[in-house]
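Colleague: coordinates only, sequence not included:
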């Protein structure tokens, strides 16, 4: 069949039709885009349902498209990522618990922190709270006041106040018998709806040592009194992957299987190059809590005036002790992921901190040099406030330690 070549007029008609189609299409998109914005982005019931199926990166990108989307996303996050949603299940006095966190450096981690970031709910989950050993009795007392009962394991005294005086009473077959754990105390409370369980995990040195020793990265999420941090958010919430890490103590297969059933792929065999690309693990990079690779959510602290104070001669910390934490992720073909860090060990600090940067030690020495002449006037004081503040300045604003010192000089002179 012979096809005639279209005339110039026919070509012009065709082009005109295409242009008209484009105009009509753009008008259609503009019209219904406005309807989407007006009908959905102003209806919290609708956009809550829509956003609940989105990954964090998806609804954050959406927030950058227009003012209405920005307002909708932030309204949704304010409701879905409200810390009261997690804590109200376990405590009647939520503010009291958060004030306790501020005074003691207690952290929440494990499945509760994961649910907070993932906007999910596991009916069979408990609450894991990680406590510096100095404050284990304070947290235990709070749990009793909330109506919980102590449930000892086979090696613990039946009375909590007797059991808590033993620095290390562990059930070595349990999932918490690994690096940095002094003891685990289980508390339970029966309600009309369910039986609640809180695990009080006592850290020998500091809570972050325990958390960095978890079986895999999907549970390396932390809630302090002031902020919530996800250490590996892209891998955990976008790719739903969890890098298996070497850990001390018993095998962690049951715990890993639990999270595999909840939708995470346990990464046990991967190339080193993959850790820096699709999996977003930032291997061999010095990480700081709250850095640009973390997902950090600021919590409302307007009703939390009292921060941790080492003793009567020392100033209160401006921020939670976890703010000074740093670490590196290594990878070994045999052991898998390895969290690399050391622990501070200096009498000038009341608490201990994990660190991977030698800058942390240099800052501590600078603090001691600056304050030692004042000790004779004030008596022995701990320098945790200055150390935590300098660490935060260092990883957020100044790469050079001397610049950090200069930035805090005025504050030091007023100390």
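Modeller: Sure thing, it's come through. Quantities reported herein were computed from a predicted structural model and do not represent experimental measurements. Numbers count the residues shown, from 1 in each chain.

Colleague: ranges for the strands of the stretch 101-250 of the chain?
Modeller: For the stretch 101-250 of the chain, the strands defined by DSSP state E, counting those that start in this stretch cover 107-109, 127-132, 149-151, 181-190, 195-203, 221-223, 227-230, 241-243.

Colleague: of those strands, which shows the lowest average pLDDT?
Modeller: Within the strands of the stretch 101-250 of the chain, confidence is poorest for strand 241-243, with a mean of 89 (mean pLDDT).

Colleague: partner strands of it, parallel or antiparallel?
Modeller: According to DSSP bridges, strand 241-243 has the following sheet partners: strand 265-267 (parallel).

Colleague: from the chain's centre, how far out does the partner strand sit?
Modeller: Strand 265-267 has its C-alpha centroid displaced from the chain centroid by 20 Å (C-alpha atoms, centre = their mean, to the nearest Å).

Colleague: test my guess that residue 132 contacts residue 103.
Modeller: No. Look at residue 132 against residue 103 with C-beta atoms under 8 Å: they stay out of range, at 11.0 Å. In this view, the C-beta of every residue, glycine as well, is placed from N, C-alpha and C.

Colleague: the two: who's more crowded?
Modeller: Per other C-beta atoms under 10 Å, whichever of residue 132 and residue 103 has more neighbours is residue 132, with 24 against 18.

Colleague: now do the contacts for that one.
Modeller: Contact partners of residue 132, counting by C-beta atoms under 8 Å, 6 or more residues apart in numbering, are 104-106, 203, 206-207, 321, 351.

Colleague: check which helix or strand the nearest residue to residue 288 once chain neighbours are set aside maps to.
Modeller: Closest residue to residue 288 apart from its sequence neighbours, by C-beta to C-beta, 6 or more residues apart in numbering: residue 395 at 3.6 Å. Element membership of residue 395, judged by DSSP states H and E, is helix 384-396.

Colleague: dump the residue contacts of the residue nearest to the spatial centre of the chain.
Modeller: The centroid of the chain falls nearest to residue 229 when counting by C-alpha atoms, centre = their mean (2.3 Å). By C-beta under 8 Å, 6+ apart, the contact set of residue 229 is 221-223, 289-290, 294-297, 322.

Colleague: let's see it at 6 Å
Modeller: 222, 289, 294, 296 (C-beta atoms under 6 Å, 6 or more residues apart in numbering).

Colleague: closest to residue 259 among these?
Modeller: Nearest to residue 259 out of the contacts of residue 229 is residue 222 (C-beta to C-beta; 16.7 Å).

Colleague: excluding chain neighbours, what is closest to the closest one?
Modeller: residue 229 (4.8 Å).

Colleague: what's across from that neighbour in the sheet?
Modeller: residue 222, residue 296.

Colleague: let the chain start at 4 from now.
Modeller: In the new count, where the first residue is 4, that last one comes out as residue 232.

Colleague: how near is it to residue 112?
Modeller: Using C-beta to C-beta, to the nearest Å, residue 232 is found at 10 Å from residue 112.

Colleague: what of residue 164?
Modeller: 26 Å.

Colleague: so between the two, which is more surrounded?
Modeller: residue 112 (23 against 12).

Colleague: that one contacts residue 225, correct?
Modeller: Yes. Between residue 112 and residue 225 a contact is recorded at 5.3 Å, counting by C-beta atoms under 6 Å.

Colleague: picking that back up, any common contacting residues for residue 232 and residue 112?
Modeller: Common contacts of residue 232 and residue 112 (C-beta under 6 Å, 6+ apart): residue 225.

Colleague: which parts of the stretch 254-403 of the chain are helices?
Modeller: Along the stretch 254-403 of the chain, counting by DSSP state H, counting those that start in this stretch, helices occupy 256-264, 275-278, 361-381, 387-399.

Colleague: so which elements touch the last one?
Modeller: I take that to be helix 387-399. For helix 387-399, the elements it packs on are helix 361-381, helix 404-410, judged by 3 or more C-beta pairs under 6 Å, 6 or more residues apart in numbering; DSSP states H and E.

Colleague: which stretch in the ones you listed has the least confidence?
Modeller: Among the helices and strands packed on helix 387-399, helix 404-410 scores lowest, at a mean of 53.

Colleague: where does the stretch 4-153 of the chain have low pLDDT?
Modeller: The stretch 4-153 of the chain contains residues with pLDDT under 70 at 4-44.

Colleague: helices of that one, start to end?
Modeller: Under DSSP H, counting those that start in this stretch, the stretch 4-153 of the chain gives helices at 11-42, 47-54, 59-65, 70-83, 86-90, 97-107, 114-121, 139-148.

Colleague: which stretches of the stretch 154-303 of the chain have low pLDDT?
Modeller: 170-181, 250-255, 272-282.

Colleague: ok, now with 50
Modeller: Residues of the stretch 154-303 of the chain meeting the criterion pLDDT under 50: 173-176.

Colleague: tell me the domain ranges of the chain?
Modeller: What automatic domain parsing lists as the domains of the chain is 34-83, 324-334+341-416.
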